[in-house]
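1. A predicted structure for the sequence below; I have some questions about it.
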Amino acid sequence: MSTRAAMASSVRHTRLAMWRHQHVWCLRDSLRQLLRRPLGSMLTIAVMGLALALPLSFYLLLTNVQHLATALGDSQSVSVFLKPDVTADAAARLAASLRARADIDAVVLRTPQQGLAELAAMQGFGDAIKSLPDNPLPFVLLVQPAAGAGRAQVEAMVRDVRALPQVDLVQDNGRWRSRLDALVALGRRVTLLLAVLLGAAAVLVIGNTVRLDIRGRANEIAVQQLIGASAAFVRRPYLYEGAWYGLAAGGVAILLVLLLEGVLAAPVRDLVASYAGRLRFGGLSWATLGGGWAIAVALGWLGALLASSRHLLRWRT
């Protein structure tokens with residue numbers, strides 16, 4: 001029994017070594033094929049890299065639009081401007097009465113002094129504020145509706161607050177935020193469709209490149225099939241070739257996105273400074289870039305698989 005076990009272990013070890021040797025050979029051979037035609041390979045990689053960089057760039061834009069929306073106000077917040085003659089005690093009583101409502105989560109009272117200080121901190125308002133004889137700003141209540149409240153409930157609450165005698169103006173920030181959220185959702189859908197279309201284009205580009213390579217090596221493939229090479233063995237170098245294309249194209253796409261972030265860095269810093277640092281912009285995370293790179297490799301492998309399987313099947317038949 002020990003002899004049989006040793007023989008079986010030796011056979012498994014030999015098969016594993018042969019399998020590993022075949023894959024290493026195919027990996028090297030596919031890379032050599034790419035290096036034999038550097039111009040054609042670089043053009044294919046450039047086209048695929050541009051196709052992959054576009055959805056990543058759109059995703060970068062949408063992410064920062066969401067950051068902008070978050071910095072400029074909460075999605076359901078309501079700003080209540082009181083009349084100029086309302087005193088501090090009356091504003092505090094009104095804030096307490098609004099906090100008692102079931103459809104309101106929180107109410108923050110902003111004094112005229114706080115509003116004036118916030119304006120003074122903004123770029124371009126300091127000199128104008130210094131020239132004012134007195135503070136013209138009223139008390140402001142920042143009302144946060146109850147969590148999970150729908151637009152109909154928020155609008156009903158806004159109507160009730162607007163009817164109060166102490167209230168001069170009600171600004172419903174949730175209305176423009178709901179529109180912005182709808183636009184962002186539409187942008188995400190367009191980005192997804194664009195990514196699918198450009199991914200399909202990348203698969204077709206790789207498939208066509210591999211198809212031409214297969215036709216150029218028809219005699220070599222015929223000899224391999226005559227000596228008994230399996231379809232998987234014949235197809236394997238082209239699968240690695242597609243993966244190499246995807247790996248290189250993914251790197252090009254990431255470099256283009258990083259270059260775009262670098263070009264926009266200075267204007268973004270100026271925009272953030274103009275809002276006194278309240279805005280927050282950022283690039284794509286390394287996890288997102290890594291995921292895009294992995295998808296590029298998978299698309300290259302898929303394009304090579306479709307092209308090689310179709311042509312090798314047609315030759316066998």
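-> Sure, I can see it. Note that the coordinates shown come from a computational prediction; the quantities given were computed from them, not determined experimentally. Residues are numbered from 1 along each chain as shown.

2. which parts of the helix or strand containing residue 63 count as buried, going by neighbours?
-> Following DSSP states H and E, one finds residue 63 within helix 38-72. Counting neighbours by 16 or more other CB atoms under 10 Å, one finds that the buried residues in helix 38-72 are 41, 44-45, 47-49, 51-60, 62-64, 69. In this view, the C-beta of every residue, glycine as well, is placed from N, C-alpha and C.

3. what's the distance between residue 163 and residue 94?
-> According to CB to CB, to the nearest Å, residue 163 and residue 94 sit 13 Å apart.

4. comparing these two, which shows the higher neighbour count?
-> The neighbour count for residue 163 versus residue 94, taken as other CB atoms under 10 Å, is higher for residue 94 (22 against 9).

5. would you map the strands across the stretch 1-150 of the chain?
-> For the stretch 1-150 of the chain, the strands defined by DSSP state E, counting those that start in this stretch occupy 78-82, 104-110, 140-145.

6. now do the stretch 151-300 of the chain
-> Per DSSP E, counting those that start in this stretch, the stretch 151-300 of the chain carries strands over the ranges 167-172.

7. just the helices in it please.
-> Here the stretch 151-300 of the chain has its helices, by DSSP state H, counting those that start in this stretch, at 151-162, 173-216, 218-226, 231-274, 286-316.

8. hey, least reliable of the ones you listed by pLDDT?
-> Per-stretch mean pLDDT for these is lowest at helix 218-226 (a mean of 76).

9. could you list the low-confidence segments of the stretch 1-150 of the chain?
-> Counting by pLDDT under 70, the stretch 1-150 of the chain has low-confidence residues at 1-13, 15, 68-76, 119-133, 135-136, 148.

10. and with 80 instead?
-> 1-23, 25-26, 29, 64-77, 115-136, 147-150 (pLDDT under 80).

11. shouldn't residue 55 be in contact with residue 190?
-> No. If you go by CB atoms under 8 Å, residue 55 and residue 190 don't touch, sitting 9.8 Å apart.

12. got the strands of the stretch 1-150 of the chain as JSON lines, with distance to residue 260 and mean neighbour count columns?
-> Formatted as JSON lines, those follow (distance: least, CB to CB, whole Å; neighbours: other CB atoms under 10 Å):
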{"stretch": "strand 78-82", "distance to residue 260": "36", "mean neighbour count": "21"}
{"stretch": "strand 104-110", "distance to residue 260": "38", "mean neighbour count": "16"}
{"stretch": "strand 140-145", "distance to residue 260": "36", "mean neighbour count": "21"}
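
13. need these in a markdown table (columns: distance to residue 285).
-> Conversion of those to a markdown table gives the following (distance: least, CB to CB, whole Å):
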| stretch | distance to residue 285 |
| --- | --- |
| strand 78-82 | 33 |
| strand 104-110 | 31 |
| strand 140-145 | 29 |
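
14. between the ones you listed, which gets nearest to residue 214?
-> Checking the strands of the stretch 1-150 of the chain against residue 214 by CB to CB gives strand 140-145 as the closest, at 62.8 Å.

15. state the distance from residue 142 to residue 118.
-> Computed as CB to CB, the residue 142 to residue 118 distance reads 12 Å.

16. typo on my end, it should be residue 233
-> For residue 233, the distance to residue 118 (CB to CB) stands at 71 Å.

17. same question for residue 109.
-> Distance, residue 109 to residue 118, by CB to CB: 14 Å.

18. what about the closest residue to residue 245 other than its chain neighbours, how many neighbours?
-> Sequence neighbours aside, residue 300 is the residue nearest to residue 245 in space, at 4.4 Å (criterion: CB to CB, 6 or more residues apart in numbering). Close neighbours of residue 300, defined as other CB under 10 Å, add up to 32.

19. and residue 112, by the same measure?
-> Residue 112 has 18 nearby residues by other CB under 10 Å.

20. that one touches residue 139, doesn't it?
-> Yes. Shown here, residue 112 and residue 139 form a contact pair, counting by CB under 8 Å, at 6.5 Å.

21. contacts only, for the residue nearest to residue 248 when sequence neighbours are not counted.
-> Using CB to CB, 6+ apart and skipping residues adjacent in sequence, the residue nearest residue 248 is residue 45, 4.5 Å away. By CB atoms under 8 Å, 6 or more residues apart in numbering, the residues touching residue 45 are 245, 248, 249, 252.
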